[in-house]
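1. any chance you can model this:
(chains A and B)
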Amino acid sequence: MSQWTHVCNQSDLVENSGVCTLVEDKQIALFYLPTENQVFALANFDPFGEANVLSRGLIASQGEDLYVASPLYKQHFCLRTGHCLEDREMSIQAWSARCIDGKVEISL
Amino acid sequence: MSKTKLVVVGNGMVGHQFLQSLADSGQLARYDITVFCEESRLAYDRVHLSAYFSGSSAEDLAMGDADTYRSWGLNVLTNEQVTSIVREANLVTTDQGTTLYYDKLILATGSYPFVPPVPGHDRDHCLVYRTIDDLDAIAAAAEQSKVGVVVGGGLLGLEAAKALKDLGLETHVVEFAPRLMAVQLDDGGGAMLRHKIEDLGVSVHTGKNTQLIDDGEQCFHKMNFADGEVLETDLILFSAGIRPRDELAREADLELGERGGIVINNSCQTSDPDIYAIGECALWNKQIFGLVAPGYQMAKVAVDHLNGGSEQFTGADMSTKLKLMGVDVASIGDAHGRTPGSINYTFVDERAEVYKKLVVSEDGKILLGAILVGDAEEYGTLLQYMLNGIHLPEYPDTLILPNRGDDHQTGLGVAALPETAQICSCHDVTKADVRAALDGGCCTVGDVKGSTKAATGCGGCAALLTDLVNHELEEMGVEVNRDICEHFPYTRQDLYNLIRVNGIRSFEALLAEYGSGHGCEICKPAVGSILASCWNDYILEKPHIQLQDTNDTFMANMQKDGTYSVVPRVAGGEITPDKLIVIGEVAKKYNLYTKITGGQRVDLFGARLEQLPLIWQELVDAGFETGHAYGKSLRTVKSCVGSTWCRFGVDDSVGLAIELENRYKGLRAPHKIKFAVSGCTRECAEAQSKDIGVIATENGWNLYVCGNGGMKPRHGDLFATDLDKETLVRYIDRILMFYIKTADRLQRTSVWMENLEGGLEYLQQVIINDSLTLGEELEQQMDLVVDNYQCEWKTTLNNPEALKRFRPFVNAPEAQDDNILFIEERDQPRPATREERQAATAEPIKLVG
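-> Numbering: from 1, shown residues only, chains lettered A, B, ... in the order given. Down below sits the predicted model:
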């Protein structure tokens, strides 16, 4: 059974962009796409640059898939799965996320 | 095997080309090479000597450099002249007492300027125009002169006249023949050239035979002509043709021509098979070749022969195209129609001051020669017709008649050229060479230029080369998709025009109308940049937030560890002690690593996201503005201290730099833009390596454009000279906006210029002559950007909503990123390495911050 954890409020999100939250010592990046009415949650740590920066990347679509491009060396990470487009070995953790009554929740 | 001892006498353009060809052949290791150079300077570009007086330095003209020569393993002796050849013993001796054995000897001694033996020719201020030392002597003499005369109205003479004009003298050209450029032009062409040159303020005197030079009344000299007329002048430059430097060969009893020149065979060997002669000292088939291209060919042939090859020198085409004082002049093949039975076609437009002539064979099928004055656009096409014997169209005159918008195709299709057609005569690049370069992976004109050197000599073939490359790429089925990305089926330039013309103010509106998907890291910043170039709204306004790279979002430069660097604007590099102290105090307070940048300001590294607003509050309070170091935008205007302090300064470079920086700060562009302003020609601000470079002259400002340091250095092109400030700013407004309008995404001005069809000349047409009637529009667009300037940091600090973005964690305002760790090095913090970070988590080590 998944357990939903409240991490922040919807008003903390930035449309079509990312913010970062701290959940149980984990840095989790949240990306909000109003047209999809969706919030995505990914690890904030960029395994290539070894820095906590992914929440500060640009959101990019490729076909139907959505990615965040790392601000350091521009690798793409899938917003849904955490897969790295350039290197499968370097995938990062992704979580389910949702907005309910103005609150953002993640399934840890 | 022992090495062949090779001695090269002379290090002019051809001497240099010989060494270059030898290096290119990959056979350097076979030789033990000594080069004698009687001048103090190594080889330099004599063809563009007059540029020395319009802003270029000796370094700009340099071709050979000591480092390269050293890397080739050459022994180069400057200031040393070979004085004799002892053929029996294979020895040369020099004026420094050196005696050296050779297996093979290369004579590349060049030529000297012919000075007519007129009584008085050796008076003071009677000079020649051949070397950089000559130029220095001319410049020195010009300082005491008001009037200057060039004796000789040939190609070099007119170049020399330009030099005198650039030095600010009242300039005259005196020619013995009845017209200018008698060798290359006929009466009609010569008259048109004379007319155009006189329009530029140079007086031309033809049919003048100077008989005596003696003391003048108003001026230093008086020239007395055979027809009884006189001309007073302070300075006389002789440029009445060249004579081969053959004295060494003469004393060594090598075979010479009746009127001089060292006789060579098709392998460039003299009458002694161990001795070669190349360039202007050599006589082939009773001809001296006074152009550089044939000299280069001889150099290559000699190298090939030494290496055991069988290349032959079989003469050279003497066709030329050049720009004399801004006037296009070209002469092709049998320009005078000396071939029996030949037929002429002539076109004269006295209003536009254009003269064109074709000489065709008796049957009208083959082009024999041509003359173009005032407009030489057809040079490339005509030269190909002539060189390759391509059959002319039914009405050959269509080749020179103006194209008035009908469908008549007059240009020669590049498809019609044979494989052997020479595209670039300076570097002997054929159509086959270009195709091989394309097969080898070149994809653009720039690539081909780099790979083959085509169009990098005189540049006369640039348009032809572009046509050929485009044609070949099409033939190869290369469809160059220039769409910016999958979200917009448009180029950056298309998007710019769509946004500009339709007044689009947001990415979403553009995407809805012209795109698909969500956008990506390619198109979003590009559109963000275009929107900013057009409307200059606050970049963190809600619809624009999603477009900005992290650097633009947080208005700082992200470093490898996720921290940022901060650069306040220091316009022109001028800063008060108080402000310097503020920077120091801020850096100290936030424990920032500080470094002086190349753009004359201070970079503060290691700021955490949450520190940025605090740092900037202090900086803004102290009167600083954002430096846009993070943007694809104007960075800095570097300056030297200028006339205010410097003993040599000619004008106030700092003042102008500050004014320019304040005008263009905040201007967003396809890529970053750097300026510099130097207060004199010593160029301490290095303006020629900047996108926009300005150098003070006695009469105003010289403007250089599209220079670059960085990965691929490029000297800026001299765009315009002696401008007043108002004109200078107007040109810069237009150039920058035209660049923003037409450049590709992330294309620096240097690459933009390399790819601009028509190059510098085209840009000058657009900006100076307003050939596209865009000038006023471009200026208005720039005014809008300037009027809408705001310090983005100041705006952000006053915007609580925007400041929220600087929280590292939206749910934990006090927490910090524990992955960021600094180590002290040379008394300053630096980011920890991976190992240091790992060690720190195991066992705390000395931390700072």
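2. and residue A:79, what does it touch?
-> Going by Cβ atoms under 8 Å, 6 or more residues apart in numbering or on different chains, residue A:79 touches A:31, A:40, A:42, A:59, A:66-68, A:94. For the C-beta atoms, the positions are set from N, CA and C on the backbone; glycine is no exception.
3. pull up the residues of the stretch 351-500 of chain B that are close to chain A.
-> B:486-487 (Cβ under 8 Å from any Cβ of the partner chain).
4. quick one, helices of the stretch 351-500 of chain B?
-> In the stretch 351-500 of chain B, the helices defined using DSSP state H, counting those that start in this stretch lie at B:379-388, B:431-439, B:445-452, B:462-475, B:492-502.
5. the stretch 51-200 of chain B now?
-> Going by DSSP H, counting those that start in this stretch, the stretch 51-200 of chain B shows helices at B:58-61, B:66-71, B:132-142, B:155-166, B:187-199.
6. residue A:22 is nearest to which of these?
-> helix B:66-71 (55.2 Å; Cβ to Cβ).
7. avg pLDDT for that closest one?
-> Computed over helix B:66-71, the mean pLDDT rounds to 90.
8. can you give the distance of that helix from its chain's centre?
-> Put simply, helix B:66-71 sits 23 Å off its chain's centre (Cα atoms, centre = their mean, to the nearest Å).
9. for chain B, what lies in contact range of chain A?
-> So chain B meets chain A at B:486-487, B:517-522, B:524-525, B:542, B:545-546, B:549-551, B:553-554, B:558, B:560-562, B:804-805, B:807-812, B:815, B:817, B:819-820, B:834 (Cβ under 8 Å from any Cβ).
10. at 7 Å what do you get?
-> B:486, B:517-521, B:524, B:545-546, B:549-550, B:553, B:558, B:560-562, B:805, B:808-812, B:815, B:817, B:819, B:834 (Cβ under 7 Å from any Cβ of the partner chain).
11. so which of those residues sit within helices?
-> Counting by DSSP state H, the part of the residues of chain B next to chain A found in helices is B:524, B:545, B:550, B:553, B:834.
12. including pLDDT, could those go into CSV?
-> Shown next, in CSV, are these (pLDDT from 0 to 100):
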residue, pLDDT
B:524, 95
B:545, 90
B:550, 93
B:553, 94
B:834, 88
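13. are any of the residues of chain B next to chain A buried, and which?
-> B:486, B:517-521, B:524, B:545-546, B:549-550, B:553, B:558, B:561-562, B:805, B:808-812, B:817, B:819 (16 or more other Cβ atoms under 10 Å in any protein chain shown).
14. just the strands in chain A please.
-> For chain A, the strands defined by DSSP state E occupy A:4-9, A:17-23, A:26-33, A:38-43, A:45-46, A:51-52, A:58-62, A:65-69, A:76-78, A:94-100, A:103-107.
15. for those, give me a markdown table that also has distance to residue B:463, mean pLDDT and mean neighbour count.
-> Shown next, in a markdown table, are those (distance: least, Cβ to Cβ, whole Å; pLDDT from 0 to 100; neighbours: other Cβ atoms under 10 Å in any protein chain shown):
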| stretch | distance to residue B:463 | mean pLDDT | mean neighbour count |
| --- | --- | --- | --- |
| strand A:4-9 | 61 | 94 | 17 |
| strand A:17-23 | 46 | 95 | 22 |
| strand A:26-33 | 49 | 96 | 23 |
| strand A:38-43 | 52 | 95 | 22 |
| strand A:45-46 | 47 | 96 | 22 |
| strand A:51-52 | 49 | 96 | 23 |
| strand A:58-62 | 39 | 93 | 22 |
| strand A:65-69 | 40 | 94 | 22 |
| strand A:76-78 | 41 | 95 | 22 |
| strand A:94-100 | 54 | 94 | 16 |
| strand A:103-107 | 60 | 93 | 19 |
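16. so which of the helices of the stretch 51-200 of chain B is nearest residue A:46?
-> helix B:66-71 (41.3 Å).
17. can you list contacts of the closest one?
-> B:42, B:76 (Cβ atoms under 7 Å, 6 or more residues apart in numbering or on different chains).
18. just stretch B:4-23 next, same as before
-> In contact with stretch B:4-23 (Cβ under 7 Å, 6+ apart) are residues B:28, B:30-37, B:42-43, B:45-46, B:63-64, B:72, B:74, B:82, B:92, B:100-110, B:278-279, B:292, B:295-296, B:298-300, B:302-303.
19. now swap in stretch B:198-213 and tell me
-> For stretch B:198-213, using Cβ under 7 Å, 6+ apart, the contacting residues are B:116, B:118-121, B:123, B:151, B:153, B:161, B:165, B:171-180, B:194, B:197, B:221, B:223-226, B:231, B:236, B:325.
20. now it - C-alpha only, PDB.
-> Extracted C-alpha coordinates of stretch B:198-213, given in PDB (Å, rounded to 0.1, in the frame of the first residue of the first chain):
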ATOM      1  CA  GLU B 198      39.100  61.600 -58.400                       C
ATOM      2  CA  ASP B 199      35.600  61.600 -56.700                       C
ATOM      3  CA  LEU B 200      37.400  60.300 -53.700                       C
ATOM      4  CA  GLY B 201      39.600  63.300 -53.600                       C
ATOM      5  CA  VAL B 202      42.800  62.000 -55.300                       C
ATOM      6  CA  SER B 203      44.100  64.100 -58.200                       C
ATOM      7  CA  VAL B 204      45.200  62.000 -61.200                       C
ATOM      8  CA  HIS B 205      47.800  63.300 -63.700                       C
ATOM      9  CA  THR B 206      48.300  61.000 -66.700                       C
ATOM     10  CA  GLY B 207      50.800  61.300 -69.500                       C
ATOM     11  CA  LYS B 208      53.300  63.000 -67.200                       C
ATOM     12  CA  ASN B 209      57.000  62.400 -67.700                       C
ATOM     13  CA  THR B 210      58.900  63.700 -64.700                       C
ATOM     14  CA  GLN B 211      62.200  65.200 -65.700                       C
ATOM     15  CA  LEU B 212      63.500  66.900 -62.600                       C
ATOM     16  CA  ILE B 213      62.700  67.100 -58.900                       C
END
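21. and the furthest pair within the contacts of residue A:79?
-> Of all pairs in these, the most separated under Cβ to Cβ is A:59 and A:94 at 14.3 Å.
22. coming back round to it: out of the contacts of residue A:79, which are close to chain B?
-> Within the contacts of residue A:79, those near chain B by Cβ under 7 Å from any Cβ are A:59, A:66.
23. tabulate the contacts of residue A:79 (a markdown table), appending distance to residue A:11.
-> Output for these, formatted as a markdown table (distance: Cβ to Cβ, whole Å):
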| residue | distance to residue A:11 |
| --- | --- |
| A:31 | 16 |
| A:40 | 18 |
| A:42 | 21 |
| A:59 | 19 |
| A:66 | 22 |
| A:67 | 25 |
| A:68 | 21 |
| A:94 | 23 |
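24. strands along the stretch 551-700 of chain B, start to end?
-> For the stretch 551-700 of chain B, applying DSSP state E, counting those that start in this stretch gives strands covering B:557-558, B:564-566, B:593-596, B:602-607, B:634-639, B:673-678, B:692-697, B:700-705.
25. pairing partners for the second one, with directions?
-> Next to strand B:564-566 in the sheet, as set by DSSP bridges, lie strand B:557-558 (antiparallel), strand B:602-607 (antiparallel).
26. can you list contacts of that strand?
-> Strand B:564-566 is contacted by residues B:554, B:556-559, B:603-605, B:607, B:609, B:612, B:615 when judged by Cβ under 7 Å, 6+ apart.
27. if we go to 10 Å?
-> Under the contact criterion Cβ atoms under 10 Å, 6 or more residues apart in numbering or on different chains, strand B:564-566 has outside partners B:550-551, B:554-559, B:583, B:586-587, B:590, B:592-595, B:597, B:602-609, B:611-612, B:615-616, B:619, B:624, B:626-627, B:629-630, B:793.
28. is it possible to mark the buried ones in those residues?
-> Buried, going by 16+ other Cβ under 10 Å: B:550-551, B:554-559, B:583, B:586-587, B:590, B:592-594, B:597, B:602-609, B:611-612, B:615-616, B:619, B:624, B:626-627, B:629-630, B:793, out of the contacts of strand B:564-566.
29. double-check residue B:178 against residue B:185; I have them as touching.
-> No - when contacts are counted by Cβ atoms under 10 Å, residue B:178 is not listed as touching residue B:185 (11.3 Å).
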